[in-house]
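1. Build me a model from this:
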Amino acid sequence: AKIINMSFGKYISENKRAVDEAVQFALKKGVLLIKAAGNDNKNLDEIESYPNPQFPDGTTANAWITVGASNQTAEETLKAEFSNYGIKSVDVFAPGVRIYSTIPGNLFRRLDGTSMAGPVVSGLAAMIWPYFPEFTAMEVKNIILQSVVRHESLAKRCVTGGVVNAYNAIQLAKELDQQKMKNK
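-> Reported below is the predicted structural model:
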């Protein structure tokens with residue numbers, strides 16, 4: 001796997017060391033890790049949630065994106081009312097309200113949650129990588145984060161202050177690819 005979508009989390013960790021070892025293994029293999037921020041309307045800068053990209057030695061899992069959920073309108077805030085947030089802890093927002101999804105029993109239903117938003121970002125990464133297979137996980141991450149559509153209401157809610165945008169990401173990937181070709 002080149003992309004791992006993580007739609008789970010909790011506020012305690014019974015065995016963080018084992019999870020950290022798995023994360024480090026994935027990073028060594030060039031994997032991009034994408035994690036749903038959670039649905040408790042909490043500031044993750046103020047509380048710990050697990051898994052997280054911080055290791056006990058102070059280093060960070062760099063090829064990791066934490067995703068909050070955006071809603072369908074930008075009236076007062078683009079952040080879905082339930083979504084966790086954090087200007088240091090959540091990297092980006094993605095659509096996470098009324099997402100048409102599969103449910104058990106071969107059925108479909110509209111669902112809300114950062115577990116809907118995380119797969120949007122995973123899907124965006126999966127759109128980029130086949131066309132630009134030489135990109136590293138960090139390059140794909142940076143493309144996703146640098147190509148967001150910024151929104152004033154998200155400026156203090158996540159690192160990028162914006163929502164992912166597939167068109168912008170593909171355009172930025174093309175530019176990076178052309179730049180890399182010139183430098184060869």
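2. contacts, neighbours, all on C-alpha from now
-> Noted.
3. Only alpha carbons, please: show the longest strand seen in the chain as PDB.
-> Across the chain, the longest stretch assigned as strand under DSSP state E is strand 64-70. Only the C-alpha atoms of strand 64-70 are listed here, as PDB (Å, rounded to 0.1, in the frame of the first residue of the first chain):
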ATOM      1  CA  TRP A  64       1.000  12.100   7.700                       C
ATOM      2  CA  ILE A  65      -2.100  14.200   7.100                       C
ATOM      3  CA  THR A  66      -4.800  14.700   9.700                       C
ATOM      4  CA  VAL A  67      -8.100  15.700   8.200                       C
ATOM      5  CA  GLY A  68     -11.100  17.600   9.600                       C
ATOM      6  CA  ALA A  69     -14.500  17.600   8.100                       C
ATOM      7  CA  SER A  70     -16.000  20.600   6.200                       C
END
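4. other SSEs contacting it?
-> Contact partners of strand 64-70 among helices and strands, from 3 or more CA pairs under 8 Å, 6 or more residues apart in numbering; DSSP states H and E: strand 32-36, strand 92-95, helix 114-131.
5. Give me the next element, helix or strand, following the second one.
-> Spelled out, it's strand 92-95. strand 99-103 (DSSP states H and E).
6. Repeat that for the last one.
-> Remark: after helix 114-131, the chain's next helix or strand is helix 137-146, criterion DSSP H and E.
7. next one: that next one to chain centre, how far?
-> Here helix 137-146 is found 10 Å from its chain centre; the criterion is CA atoms, centre = their mean, to the nearest Å.
8. what angle separates it from strand 32-36?
-> 40 degrees (axes from the mean of the first three to the mean of the last three CA atoms, to 10 degrees).
9. Partner strands of the helix or strand just after helix 137-146 and their direction?
-> Sequence-wise, the next helix or strand downstream of helix 137-146 (DSSP H and E) is strand 149-150. According to DSSP bridges, strand 149-150 forms sheet pairs with strand 162-163 (antiparallel).
10. Show residues contacting the strand it pairs with.
-> 70, 92-95, 148-151, 154-155 (CA atoms under 8 Å, 6 or more residues apart in numbering).
11. just stretch 24-42 next, same as before
-> By CA under 8 Å, 6+ apart, stretch 24-42 touches 1-9, 61, 63-68, 81-85, 90, 113-115, 117-118, 121-122, 136-138, 141.
12. Span of that stretch from start to end?
-> 27 Å (CA to CA, to the nearest Å).
13. buried residues in it?
-> 24, 26-27, 30-39 (16 or more other CA atoms under 10 Å).
14. Report the two of those separated the most.
-> Of all pairs drawn from the buried residues of stretch 24-42, the greatest distance, 28.5 Å, lies between Gly30 and Asn39 (CA to CA).
15. could I get the buried residues of stretch 24-42 as JSON lines with distance to Phe108?
-> Shown next, in JSON lines, are those (distance: CA to CA, whole Å):
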{"residue": "Gln24", "distance to Phe108": "35"}
{"residue": "Ala26", "distance to Phe108": "32"}
{"residue": "Leu27", "distance to Phe108": "34"}
{"residue": "Gly30", "distance to Phe108": "33"}
{"residue": "Val31", "distance to Phe108": "30"}
{"residue": "Leu32", "distance to Phe108": "28"}
{"residue": "Leu33", "distance to Phe108": "26"}
{"residue": "Ile34", "distance to Phe108": "24"}
{"residue": "Lys35", "distance to Phe108": "23"}
{"residue": "Ala36", "distance to Phe108": "21"}
{"residue": "Ala37", "distance to Phe108": "23"}
{"residue": "Gly38", "distance to Phe108": "22"}
{"residue": "Asn39", "distance to Phe108": "21"}
